[in-house]
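Peer 1: Here you go, sequence then predicted model.
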Amino acid sequence: MKLSDVDIIDPDNFLSGAHHEMFALLRAEDPVHWTTEPDGAGFWSVTKLRDLQEVNRDVETYSSELGGTQRFNIVDVDPDFDTRGKMLIDSDPPKHTRYRRIVNRGFTPRMIGLLETHLQYRAELIVDRVIEDGACDFVTDLAAELPLQAIAEMMGVPQEDRHLIFEWTNTMIGGNDPEYTGEAGSSTQAREAAMQLYIYSNQLAAKRREDPRDDLVTKLLNADIDGEALSEEEFDMFMMLLSVAGSETTRTATSHGMQALFDHPDQMRLMLDNLDDDDFIATAIEEIVRWATPVHHFRRTAAVDTELRGKKIAAGDKVLIWHVSANRDEEVFDEPFRFDLQRTPNEHVAFGGGGAHFCLGANLARAELRIILREMLSRLEDIRPAGPPERLRSNFIHGMKHMPVEFTPGSRKHPAGVGV
């Protein structure tokens, strides 16, 4: 492969896995790489881990608010869906700091610790729902459920409505996948899904104004940012972000983690032999998250003229930081394409490259992964693939849509009909 062959715009290259070879070439020959867009101004790609950390932490030079994730892809601002300065991940300090402070208390290690007993109970019910059948879709029946139920609980969304969130967020991030849009490349359905989530958020907000509860929706409605309450649009943006980030990414890590265990039987055996070892599981989860890297990239926009690795970056240029590439950086990881549950140190950037935008839900994601993996593997010991997995067609989210699995049927922990 030559540099002229690199195409990191086409989602099909990520679907096939060809992107790993492309990023390996970029890291070796052109780690700060310029791509010309057919319908845009072009963008820089930052592919090395240390460079990604530098960009992620330097919020004065590399702005999220001037042009961040936008419509979850590389294209420029859609005037009908402009999230700049209104969504946590598309804002800069000090606004970002104030936004983050609103929800931060719900994601501290102490708060996650208080949730763990409840999450454990829900994990037991999730496995109960499939264990007698001997087969299921791992993604929709197992991996998606715990993060979806947890974020619904935290946000005050009735559990019976959680699958609406599931469908809307799937469509929002699946704008390039025909399963969700009906036509590859269409963004109409994604916008419609966002609007449905907006409408639902407004209806939920109205209910919480009449009936306040101890949930994130009530906290957001009562939030005070420098003496000003969140606007309706800002509230909607928070709801959208929490819905997507709170369910999609952990589902993705769980799914790719299980697929990696299937692909590496020695690591599966190691995991099964050490399920009760807290230190081992904590280390294993970091490797699963590195391997999965649920978000391929985030975008920044240069606020000023700057330079990185000798490349002149002009104010206004789009700069993409590729977590999927940084987490395979040969200068940081020994044998980066080896799945090693005992890897240490493990300086992955799947939760961000440090700084202001470090993942707010990292503690929750780790807890959910620990709980659901232990529950599944301890009760479905011979779980195995029953067909090929189906991956999301996207250059933004490293999603898994379906993964048929089978296992020896077992017994429920709780009576049928208990739970959701």
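Peer 2: Yep, that arrived. Numbering: from 1, shown residues only.

Peer 1: same question for the longest helix along the chain, mean pLDDT?
Peer 2: The helix of greatest length in the chain, counted in residues with DSSP state H as the criterion, is given as helix 232-263. Here helix 232-263 scores 87 as its mean pLDDT.

Peer 1: Which positions within it qualify as buried?
Peer 2: Burial within helix 232-263, assessed by neighbour count using 16 or more other CB atoms under 10 Å, is assigned to 234-262. The way it works is simple: take the backbone N, C-alpha and C, and place the C-beta from them, glycine included.

Peer 1: ok, T254 - contacts?
Peer 2: By CB atoms under 8 Å, 6 or more residues apart in numbering, the contact set of T254 is 142-143, 146-147, 368-369, 372-373.

Peer 1: The strand or helix carrying R50 - contacts with which helices or strands?
Peer 2: Of the helices and strands defined by DSSP states H and E, R50 is found in helix 49-57. Under the contact definition 3 or more CB pairs under 8 Å, 6 or more residues apart in numbering; DSSP states H and E, helix 49-57 sits against strand 306-308, strand 318-322, helix 323-326.

Peer 1: swap the cut-off to 7 Å and go again
Peer 2: Taking 3 or more CB pairs under 7 Å, 6 or more residues apart in numbering; DSSP states H and E as the contact definition, the neighbouring helices and strands of helix 49-57 are strand 318-322, helix 323-326.

Peer 1: Could you say which of the ones you listed is packed most deeply?
Peer 2: Among the helices and strands packed on helix 49-57, helix 323-326 has the highest mean neighbour count (mean count of other CB atoms under 10 Å), at a mean of 26.

Peer 1: can you tell me the distance between the two ends of stretch 100-115?
Peer 2: By CA to CA, to the nearest Å, the extent of stretch 100-115 from end to end equals 20 Å.

Peer 1: Need the residues that contact it.
Peer 2: Outside stretch 100-115, the residues within contact range by CB atoms under 7 Å, 6 or more residues apart in numbering are 88, 154, 216, 219-220, 223, 360-361, 363-364, 367.

Peer 1: ok, now stretch 261-276?
Peer 2: Against stretch 261-276 from outside (CB under 7 Å, 6+ apart): 280, 284, 339, 341, 374, 377-378, 381, 384-385.

Peer 1: Could I get the full set of strands for the stretch 1-150 of the chain?
Peer 2: Here the stretch 1-150 of the chain has its strands, by DSSP state E, counting those that start in this stretch, at 32-35, 43-46, 62-63, 135-137.

Peer 1: among the ones you listed, which is nearest Y198?
Peer 2: strand 62-63 (25.3 Å; CB to CB).

Peer 1: so what does that closest one touch, helix or strand wise?
Peer 2: Using 3+ CB pairs under 7 Å, 6+ apart as the contact criterion, the secondary-structure elements in contact with strand 62-63 are strand 297-302.

Peer 1: between the strand it packs on and helix 49-57, how many degrees?
Peer 2: Inter-element angle recorded for strand 297-302 and helix 49-57: 60 degrees (by axes from the mean of the first three to the mean of the last three CA atoms, to 10 degrees).
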